[in-house]
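Peer 1: Pasting the sequence and the predicted model now:
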Amino acid sequence: MSPFTKTTVGRSGLSIPAICFGTSALGDMPLTYGYAVGEERARSTLNAIFDSPIGFLDTSRNYGAGRSEERIGAVIKARGDLPKGFVISSKLDRDMSTSLFDGDRAQRSLEESLKALNVSTIPLLHLHDPEYATDLKDVTKKGGALEVLFRLKEQGLAQTVGLAAGRTDIMMPLMRDWDFDAIISHNRYTLLNRNGTDMFNLAKSRGMAVINAAPYASGILAKGAVHQPLFAYKPADDSIVSRVKAIETLCGNYGVPVGAAALQFSMRSPLVASTICGVSTPERVQQTIDWANWSISDALWKELLALPFDIDDPEANRVYRPG
């Protein structure tokens, strides 16, 4: 699939390309990624995103305590407007100090996002991380966060709505009860793990576009087992490192960057409409496009797909640190 191939989200008429640039790291989240990103670096990366032919980025109200959206909004303001046809995906978030996630909080989250981003609407708006809410009933009850999400779509403040979360046991019941246009899942469909497969099949059966995030498994499949031994936002254990080294060896035999194989594993799936690739430097923007276009032989795919993979939750033991 070309990185420029577009998929229509639900019945909305909104089209999204096969690649989306993730901007959580641009909010400066060293506790999550192990490195800081300052204002100037974030600004130059965002300009590279807006100048690229990939007109799609993803952010959230809580990335970097609002810094991701604020930095995006500052660049949009400095440029005068968004590039024509550019799609922003963002998310309603719980109160990060109390974890309250009721309808009122969802409404305030949207208002905060619109102000920070310097936009009047958000084309693709998701409910984010309901598993971390103080009480899931605040999300699902009448007048709760989910009802507000769909009301915002009716009001034209969002063109399409989705669910972006981690745990499949939380997501799948909600997907059966609510008619989302899309879902976002992260770290659960990679060369190392297929925890999200059943959920992706459910999404397809219900007409929901699947946006697969973190194809590099939080970095280890982009920068390598030596340079970035981070898997699902935590230090990779010996088993993961060993398996990544096996992937590196196979890719090396064929002259293919591991990052290209990891990205295209997601892109080549008939279940995936778009893949979110986090970037934190301007150079990564073009590198992502290059990796998406890299020629990979059937012989390498045959060997890669024969390697073992996990199906358990890769974040089961993650300690969530939103910074």
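Peer 2: Everything's here; your move. Owing to the predicted nature of the structure, the values given are computational and were not obtained by experimental measurement.
Peer 1: what about the strands in the chain?
Peer 2: 6-8, 15-17, 19-22, 56-58, 87-92, 122-128, 158-165, 182-186, 209-213, 230-231, 234-235, 274-278 (DSSP state E).
Peer 1: any idea of the mean pLDDT in the third one?
Peer 2: Right, the one you point to is strand 19-22. On average, the pLDDT along strand 19-22 is 98.
Peer 1: Parallel or antiparallel, list what pairs with it.
Peer 2: strand 56-58 (parallel), strand 274-278 (parallel) (DSSP bridges).
Peer 1: ok, the residue nearest to residue 10 when sequence neighbours are not counted - contacts?
Peer 2: Once flanking residues are discounted, residue 10 sits nearest to residue 181: 3.4 Å by C-beta to C-beta, 6 or more residues apart in numbering. The C-beta positions use only the backbone N, C-alpha and C, and glycine is treated the same way. Neighbouring residues of residue 181 by C-beta atoms under 8 Å, 6 or more residues apart in numbering: 9-12, 14, 124, 160-162, 208-209.
Peer 1: Ok, residue 277 next?
Peer 2: Contacts of residue 277 by C-beta under 8 Å, 6+ apart are 19-22, 215-216, 263, 288.
Peer 1: Now do it, the pLDDT please.
Peer 2: Note for residue 277: predicted pLDDT of 98.
Peer 1: how near is it to residue 194?
Peer 2: From residue 277 across to residue 194, the span is 19 Å (C-beta to C-beta, to the nearest Å).
Peer 1: residue ranges for the helices of the stretch 101-250 of the chain, please.
Peer 2: With DSSP state H, counting those that start in this stretch, the ranges of helices along the stretch 101-250 of the chain come out as 103-117, 136-140, 145-154, 168-177, 197-205, 220-223, 238-254.
Peer 1: Let me know which of those is the nearest to residue 91.
Peer 2: helix 103-117 (8.0 Å; C-beta to C-beta).
Peer 1: quick one, that closest one and helix 145-154 angle?
Peer 2: 50 degrees (axes from the mean of the first three to the mean of the last three C-alpha atoms, to 10 degrees).
Peer 1: helices or strands next to helix 103-117 in the packing?
Peer 2: If contacts are counted by 3 or more C-beta pairs under 8 Å, 6 or more residues apart in numbering; DSSP states H and E, helix 103-117 sits against helix 67-79, strand 87-92, strand 122-128, helix 145-154.
Peer 1: In the longest one, which residues are buried?
Peer 2: To tie it back to what came earlier, the one meant is helix 67-79. 67-76 (16 or more other C-beta atoms under 10 Å).
Peer 1: Tell me the residue in this protein that is farthest from the middle.
Peer 2: What lies farthest from the middle of the chain is residue 253; by C-alpha atoms, centre = their mean that is 30.1 Å.
Peer 1: Near the nearest residue to it once chain neighbours are set aside, how many other residues are there?
Peer 2: Distance criterion C-beta to C-beta, 6+ apart; nearest residue to residue 253, sequence neighbours excluded, is residue 300 at 7.9 Å. Here the count is done by other C-beta atoms under 10 Å, and residue 300 has 17 residues near it.
Peer 1: need the contact list for residue 300.
Peer 2: Residue 300 neighbours (C-beta under 8 Å, 6+ apart): 250-251, 253-254, 256, 261.
Peer 1: switch the cut-off to 10 Å
Peer 2: By C-beta atoms under 10 Å, 6 or more residues apart in numbering, residue 300 lies in contact with 250-251, 253-256, 261.
Peer 1: Give me the ChimeraX select line for those residues, limited to the buried ones.
Peer 2: Paste this into ChimeraX to select the buried members of those, with burial taken from 16+ other C-beta under 10 Å:
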select :250,251,256,261
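Peer 1: Go through the contacts of residue 277 and name the one nearest residue 149.
Peer 2: For the contacts of residue 277, the nearest to residue 149 is residue 20 (19.6 Å; C-beta to C-beta).
Peer 1: Quick one: residues contacting the closest one.
Peer 2: Contacts of residue 20 (C-beta under 10 Å, 6+ apart): 3, 49, 54-58, 87, 89, 124, 184, 211-213, 273-278.
Peer 1: rewinding a little: please work out which of the helices of the stretch 101-250 of the chain is packed deepest.
Peer 2: Ranked by mean neighbour count, the helices of the stretch 101-250 of the chain are led by helix 220-223 with a mean of 23 (mean count of other C-beta atoms under 10 Å).
Peer 1: Centre of the chain to it, how far?
Peer 2: 16 Å (C-alpha atoms, centre = their mean, to the nearest Å).
Peer 1: just stretch 147-156 next, same as before
Peer 2: For stretch 147-156, the distance to the chain centre is 22 Å (C-alpha atoms, centre = their mean).
Peer 1: can you pull the alpha-carbon coordinates of that stretch into CSV?
Peer 2: The C-alpha trace of stretch 147-156 is given here as CSV (Å, rounded to 0.1, in the frame of the first residue of the first chain):
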residue,chain,number,x,y,z
GLU,A,147,-22.9,10.4,24.9
VAL,A,148,-21.1,13.8,24.8
LEU,A,149,-18.7,12.5,22.2
PHE,A,150,-21.5,11.6,19.8
ARG,A,151,-23.4,14.8,20.6
LEU,A,152,-20.3,16.8,19.5
LYS,A,153,-20.5,15.0,16.2
GLU,A,154,-24.1,15.9,15.8
GLN,A,155,-23.2,19.5,16.5
GLY,A,156,-20.6,19.5,13.8
